[in-house]
Structures are given as structure tokens and as C-alpha cells.
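1. need a structure here:
(one chain, ligands or ions: 1)
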Amino acid sequence: MLHPGDPVVSTPVVAEAPDLREGHAAGQPVAAQPHVARNYDPLPVVIAEASGAWVTDVGGRRYLDCLAGYSALNFGHAHPVLVEAARHQLDRVTLTSRAFLHDQLEAFCAELAGLAGMDLVLPMNTGAEGVETAIKLSRKWGYDVKGVPADQANIIVAAGNFHGRTTTIVSFSTDPVARAGFGPFTPGFRVVPYDDPQAIADAVDDNTVAVLIEPIQGEAGVIVPQAGYLSAIREICSRRNVLFVADEIQSGLGRTGTTFACDREGVVPDVYVLGKALGGGIVPVSAVVSRADVLGVFTPGSHGSTFGGNPLACAVGRAVVGLLRTGEYQRRARELGEVMHARLTGLVGHGVVAVRTVGLWAGIDVDPALASGREVCERLAARGMLAKETHGSTIRLAPPLVISRTDLDWALDQLEGVFQELHAS
Ligand SMILES: Cc1ncc(COP(=O)(O)O)c(C=O)c1O
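-> Got it, this is the predicted structure:
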């Protein structure tokens, strides 16, 4: 039996070969869900079970999951080490509130801080809460440490960002769909173009407390900045006494082939914001991770969350950190990512306008003259592969890092097959 903290020998969980590789019929058994608020437009696949890289719908059809919960399932569905950590903790204690201590909290914070090379961890639940925490942290650091006059702090963010859905976070979104109807908005943010260090340098003033950036913009379509962008942000922030806050909620924890996407440039930000895969696809776990001179500005009562850092979340989070410490998932992302990159670039000019990959993560821009991203995803689902479009014509692939080479090749066959179909129709 494996417990959190035990040395982890992780075996990729890969289901048997699918029974749907040929001629997966379109027209899924779709349950009408009339009581579900319509804030999403899901593909008509009703999932009942999942294991490793595969999910099974209510009709018993199997699909290869190439979205992986927007990278929340980096370790696949029901990874045995993570499930065992959760089960073990379920039988002990799941919630205490932070009014009391519990025996998983310090261990989780110490292990995660160790993974990130930082001192302190502030655990929350969802990614948006993590980002909100980082915004509050930056402002408080600005007033208490940097000496910014009260209520004058500004934070620099990038166009095309996605940091979550709270009213403050959508206040600095540049996506009209995310913002429309939700004003009035929170002031104190300056939006500059992404991948433009000079724009950041020009926007910084004496009241700037943070630059909040995704090292790779996931929701925008896996936008990978040019080499040197993160190093330039690091230099500007150090020179101007501004916090570099890296939102690694989607890019972090193995997806790009390194533990953090910032590692690709050897850059260490002042603050990491983590989420998604930190909860192993089992519980929502997010965290702000930083040095003591930064995260130390919070005092009792200045911030909190009933569920943040609960024993179940910490136990699963510890097991996630244990998996990442092996380096196996980062290595898989690098090696499988090379396979994916080589095959996807072969599609450019054949229905695909552009492809961006980093690790096991890809943004594929479909030629809008051929099909919408949605149509491609529907055709993929009909073949037994799940992916999701973003911004109309871009398809994001983020298979679980446990996917086998055979299954990845099969997924890429399906993608090629869909483009052949579209050309023929
Ligand atoms: C970079 C980034 N930040 C924040 C979030 C928000 O996370 P959550 O949906 O858990 O609130 C996301 C979600 O996609 C994200 O990709």
C-alpha cells in the first residue's frame, strides 16, 4: 500500500487497446441535462468512468482523453498512487478548517515549497482563488514592503491572458465574452501585449507591484513566447523592485517537459501560482508559493479559505509532489512531446495553418476555410478521441502525461484521418 511521502515508483496507467478504433459511430447517447446552467457548451459525450488516458461513456464507448481536464489530469484518471493517497486520507480526516492544525498541512507545504525551491505555501482550492490570492499578495507586499502609497498599486498583465473567472480577474481579461455583462470592473491593472518585454518595461512605474504572466498562454491557444521573454521579465522585475508572478496553473507540474514552464528558461519568478494538476484530478487544490520575504506579508485574518489546505487536499497534493519528484512525468512530456511535434507539423498546409507545441501540449490552428475547431472536435469524438477547441479555430491537445506511445500515435492517426475526411467532403 502506498501512502503520501512513500517513495513513488509510478507505473503509467494505460488502458487496453480501445474497441472503437475503427468506425466509431457519431451520435452519442446524450442525456438531456435541463437543470444544468448553460455556462459551457460541451461536446455530447456523457462520461461515466475513466482510467489512465481513457474515459468510458454511459453507453460503454471508450474515448482517448486528449484534453485531460485542461491539464488538471496530467497524471491521468485514477492514478493508483493518487487514489490510494485519497482513500487513505478519507478514512482518517478530510476537513478541519484552518481554525486548527492537521498533520498533512505542514508536510504538504514543505514538500511543495521544496519542489519549487521556495519557502512558503499558501494553499487554496481553485485556480482563480490562487490568482486572487497572488493579486492580494502583490498589493499587500507593495504597500507593506515596497512602500507604494495606499490604494495606488498597479499590476501589469498581458493581452490574451486567462487567469480565471472572478470579477477582479475578468476585469483585466481582453476576451469580450469573458467580460461582457460583468462590470463594473476592478481597477489597478495595465494590459500590455504578450511576448513584448519592452511593453512591460514601458508600463512599469513606481507604483507597479507585480507583473502577472502565464509563461505559456494556454487558453489563448498554447501561445509560446519567444525565448528570452521570461528572462527579460525577470530582469525588469528585479531592476524595478516588482514581483514576477508566474501563473503556472496550466503550464506547470510537468506539462511542458519541466516541472515549471519557467524552468525552460532557467528563470525563477518571485511567486508561482499553481492549481489544476496539483489536485491530481481528484480534489481542487491550488497554491501560491513564494519566498518568506514576500508571502510573509499575510498575517492571521488577512486572507483565508474554509477548504484551502484541507487534509484530503494536502494528502493528494503530497502524492502529486511525490510523482513530480521522480522526474518521470516531465521526461514523458518531453519525449512524447517530440513525437507529437513531429507529426503535427506534418499537418501544416494540409488543413492546418499553424501548430505550436511545447512538451506534451499543442495548439493547432485549423484553416477556417476547411472547418471550425468545433467540427474537428466533433469528428474526433466520433472516432473515439476527445479534444476541445478554443477561440473558434484552435484545437488544444493536452493528453495525460501517462499516455502510451501507441495511444498517442493512434490519437495523431485520428487527427490526420479527420483532416483527410474534411478534404474529401
Ligand atoms: C493559467 C490559468 N490560470 C487560472 C485558471 C483558472 O483556474 P480555475 O478554473 O481552477 O479557477 C486557469 C484555468 O484554465 C488557467 O489556465
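
2. Does residue 401 touch residue 255 like I think?
-> Yes: Residue 401 lies in contact with residue 255 (Cβ atoms under 8 Å); the separation is 7.3 Å. Where you see a C-beta, it was placed from the backbone N, CA and C, and this is true even at glycine.

3. who are the neighbours in contact with the nearest residue to residue 394 once chain neighbours are set aside?
-> Excluding the flanking residues, the one nearest residue 394 by Cβ to Cβ, 6 or more residues apart in numbering is residue 221, at 3.9 Å. Each residue near residue 221 by Cβ atoms under 8 Å, 6 or more residues apart in numbering is listed here: 356, 363, 365, 390-391, 394, 396.

4. In the residues you listed, find the pair that's most separated.
-> 356 and 391 (13.1 Å; Cβ to Cβ).

5. more crowded one of those two?
-> Applying other Cβ atoms under 10 Å to residue 356 and residue 391 shows that residue 356 carries more neighbours, namely 18 against 15.

6. hang on, that one in a strand?
-> Yes: Residue 356 forms part of a strand when assessed by DSSP: H, G, I helix; E, B strand; the rest coil.

7. Let me know the pLDDT of it.
-> On the pLDDT scale, residue 356 is placed at 98.

8. contacting residues for it?
-> Here residue 356 is in contact with 221-224, 362-363 (Cβ under 8 Å, 6+ apart).

9. Helices of the protein, start to end?
-> 68-71, 80-90, 105-116, 127-141, 167-171, 176-179, 197-203, 229-240, 292-295, 311-325, 328-345, 373-382, 405-424 (DSSP state H).

10. Can you tell me which of these is nearest to residue 59?
-> helix 373-382 (12.8 Å).

11. Just the CA atoms of that closest one, as CSV, please.
-> Extracted in CSV, the C-alpha atoms of helix 373-382 (Å, rounded to 0.1, in the frame of the first residue of the first chain):
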residue,chain,number,x,y,z
GLY,A,373,-12.4,23.8,-34.4
ARG,A,374,-15.7,22.6,-33.1
GLU,A,375,-16.3,20.5,-36.2
VAL,A,376,-12.9,18.9,-36.0
CYS,A,377,-13.5,18.1,-32.3
GLU,A,378,-16.9,16.5,-33.1
ARG,A,379,-15.3,14.4,-35.8
LEU,A,380,-12.6,13.4,-33.4
ALA,A,381,-15.2,12.4,-30.8
ALA,A,382,-17.0,10.3,-33.4
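
12. Counting by contacts, list what that helix packs against.
-> strand 388-390, strand 394-397, helix 405-424 (3 or more Cβ pairs under 8 Å, 6 or more residues apart in numbering; DSSP states H and E).

13. Check the ones you listed for me and report the most buried one.
-> strand 394-397 (a mean of 25; mean count of other Cβ atoms under 10 Å).

14. Alpha carbons only: can I get stretch 316-329 in PDB?
-> This file holds the C-alpha atoms of stretch 316-329, laid out as PDB (Å, rounded to 0.1, in the frame of the first residue of the first chain):
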ATOM      1  CA  VAL A 316      -3.400  14.200  -2.500                       C
ATOM      2  CA  GLY A 317      -1.200  17.200  -3.100                       C
ATOM      3  CA  ARG A 318       1.700  15.500  -1.300                       C
ATOM      4  CA  ALA A 319       1.300  12.400  -3.500                       C
ATOM      5  CA  VAL A 320       1.300  14.700  -6.600                       C
ATOM      6  CA  VAL A 321       4.500  16.300  -5.400                       C
ATOM      7  CA  GLY A 322       5.900  12.800  -4.900                       C
ATOM      8  CA  LEU A 323       5.100  11.900  -8.500                       C
ATOM      9  CA  LEU A 324       6.800  15.000  -9.800                       C
ATOM     10  CA  ARG A 325       9.900  14.500  -7.800                       C
ATOM     11  CA  THR A 326      10.600  11.300  -9.800                       C
ATOM     12  CA  GLY A 327      11.000  13.400 -12.900                       C
ATOM     13  CA  GLU A 328       9.300  10.600 -14.900                       C
ATOM     14  CA  TYR A 329       6.300  12.700 -16.000                       C
END
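
15. quick one on the thing from earlier: any chance of the helices and strands packed on helix 373-382 in JSON lines with mean pLDDT and distance to residue 341 as columns?
-> JSON lines is the format used below for these (pLDDT from 0 to 100; distance: least, Cβ to Cβ, whole Å):
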{"stretch": "strand 388-390", "mean pLDDT": "93", "distance to residue 341": "19"}
{"stretch": "strand 394-397", "mean pLDDT": "97", "distance to residue 341": "11"}
{"stretch": "helix 405-424", "mean pLDDT": "97", "distance to residue 341": "11"}
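
16. Buried by neighbour count: which residues of stretch 317-329 qualify?
-> Within stretch 317-329, the residues that count as buried by 16 or more other Cβ atoms under 10 Å are 317-324, 328-329.

17. Kindly report the same for stretch 222-234.
-> The neighbour-count check on stretch 222-234 (16+ other Cβ under 10 Å) flags 222-225, 229-230, 232-234 as buried.

18. returning to what we had before: mind pulling the model confidence for the residue nearest to residue 394?
-> pLDDT, residue 221: 96.

19. what do you get for residue 20?
-> At residue 20, pLDDT is 37.

20. Could you measure from residue 412 over to residue 364?
-> Distance, residue 412 to residue 364, by Cβ to Cβ, to the nearest Å: 11 Å.
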